[in-house]
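Q: have a look; sequence and predicted model below, questions after that.
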Amino acid sequence: MQMSKIVRLSADIMYPFVVIFGLYVIMHGHITPGGGFQGGAVVATGAALVIVAYAFHDVKAMIPKILLYLQESGGLLLFIGAGLAGMLLGFPFFFNWLANSGSLFGTPIVPLGPNPGELNTGGFLPLMNIAVGIEVWGGLTLVILYMISGVGKEEY
Amino acid sequence: MKRNLTILLLIILAGMLLALAAGFTYGTPLASDMDDYFIRFGQAQIDTNNIVTTIVFDYRGFDTLGESTVLFTAVIGVSLMFRRFFGGEDDADE
Amino acid sequence: MIELVVHFLVLAGLVVSAVLTFYFRDLLAAALASGLFSFLISLEFYILQAPDVAISQAGIGAGLTTAIFIIAIRGTRRFEEGTE
């Protein structure tokens, strides 16, 4: 059971734009409004568009379930691992060990007040945004995918 | 009669809530010590512009860890409930 | 001045979409009215200068909740049965 051809074609056209916008919100989460949770929810909305438009058998071939499991688990592990990595260097748990360090994501250029912003700042905030974004993307897509798997089946 | 009394009570309660809300002036919170600290020192300490993300992921990082764990647990619960409908070759051991 | 007009229009649209959600007997139209309610309340958050909450509400409320309602309607019947 799938929706009409107009709905399927619209979902196909809209899907890349929604995903690109969600990835933009995730990557710029430490400069512009938004962040990992919001960007992951936007990407999952794009996936839900395709899942609602097509039948379950087509969706199951399109989206591999093991990839979503790996995203969900890997996002949470990356989140905890970025917090634990500071403890190896002698800092407390969840200390921002990359801020103002001059290396990756650590360019110390931010003055007080309004300024244009720089992508290479923020310490481990971009790492946390990417981790939470990957986790929310996989998790919410998995919820929608499991919910559409029960449509039209009577056994329980 | 009882229905009219219920509606009247609801209107009175809503009016009291609005009167309470009209007493505050927006833009000037009563206790703003934490806000002033975050706005004053957030950009220099965490080295970025977005104060909201700074608070969510750094100053209050444990809250975000709990939120991620809640989402993970919810997805595990949904996948356990709907597992028999999914089918497929990797669930053939049931 | 223009902000106040947009503000009142959004608040009126909130009330109208909330009433429409209860009025429709077609459950698909009711789900879409609920999605319109979520979209308008996200616009209201944006007017009140909370863009983080606005993006979150637009993603979760207007996107995923409407998708879950549509999936539930596909699994059951489309029209609500009258009680009176």
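A: Cool, the structure landed. Numbering: from 1, shown residues only, chains lettered A, B, ... in the order given.
Q: now do the helices in chain B.
A: Applying DSSP state H to chain B gives helices spanning B:2-22, B:33-46, B:51-54, B:61-81, B:83-86.
Q: dump those helices to JSON lines, plus distance to chain C, mean neighbour count and mean pLDDT.
A: All C-beta spots, glycine's among them, are computed from the backbone N, C-alpha and C. Converted to JSON lines, the helices of chain B look like this (distance: least, Cβ to the nearest Cβ, whole Å; neighbours: other Cβ atoms under 10 Å in any protein chain shown; pLDDT from 0 to 100):
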{"stretch": "helix B:2-22", "distance to chain C": "14", "mean neighbour count": "9", "mean pLDDT": "87"}
{"stretch": "helix B:33-46", "distance to chain C": "15", "mean neighbour count": "14", "mean pLDDT": "86"}
{"stretch": "helix B:51-54", "distance to chain C": "5", "mean neighbour count": "21", "mean pLDDT": "88"}
{"stretch": "helix B:61-81", "distance to chain C": "11", "mean neighbour count": "15", "mean pLDDT": "91"}
{"stretch": "helix B:83-86", "distance to chain C": "11", "mean neighbour count": "16", "mean pLDDT": "78"}
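Q: out of those, which comes closest to C:Phe39?
A: helix B:51-54 (22.0 Å; Cβ to Cβ).
Q: render the CA-only coordinates of that closest one in PDB, please.
A: Backbone C-alpha positions of helix B:51-54 (Å, rounded to 0.1, in the frame of the first residue of the first chain) are rendered in PDB as follows:
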ATOM      1  CA  ILE B  51      25.400  30.900  24.200                       C
ATOM      2  CA  VAL B  52      22.400  28.500  24.100                       C
ATOM      3  CA  THR B  53      24.500  25.700  22.700                       C
ATOM      4  CA  THR B  54      27.300  26.600  25.100                       C
END
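Q: the closest residue in space to A:Gly102 that isn't next to it in sequence: what secondary structure?
A: Nearest non-adjacent residue to A:Gly102, counting by Cβ to Cβ, 6 or more residues apart in numbering or on different chains: A:Pro108, 6.9 Å away. Under DSSP: H, G, I helix; E, B strand; the rest coil, A:Pro108 falls in the coil class.
Q: so how far is A:Ile144 from C:Gly35?
A: Separation of C:Gly35 from A:Ile144 (Cβ to Cβ, to the nearest Å): 15 Å.
Q: show me what contacts the residue of chain C found nearest chain B?
A: Ranking the residues of chain C by distance to chain B (Cβ to the nearest Cβ) places C:Asp52 first, at 5.4 Å. Neighbouring residues of C:Asp52 by Cβ atoms under 8 Å, 6 or more residues apart in numbering or on different chains: A:33-35, A:38, B:52.
Q: and the furthest pair within those residues?
A: Applying Cβ to Cβ across those, the maximum distance is between A:Gln38 and B:Val52, 10.6 Å.
Q: so what's the most centrally placed residue in chain B closest to, chain neighbours aside?
A: Ranked by distance to the mean C-alpha position of chain B (Cα atoms, centre = their mean), the top residue is B:Glu67 at 9.7 Å. Excluding its sequence neighbours, the residue lying closest to B:Glu67 (Cβ to Cβ, 6+ apart) is A:Phe37, at 7.7 Å.
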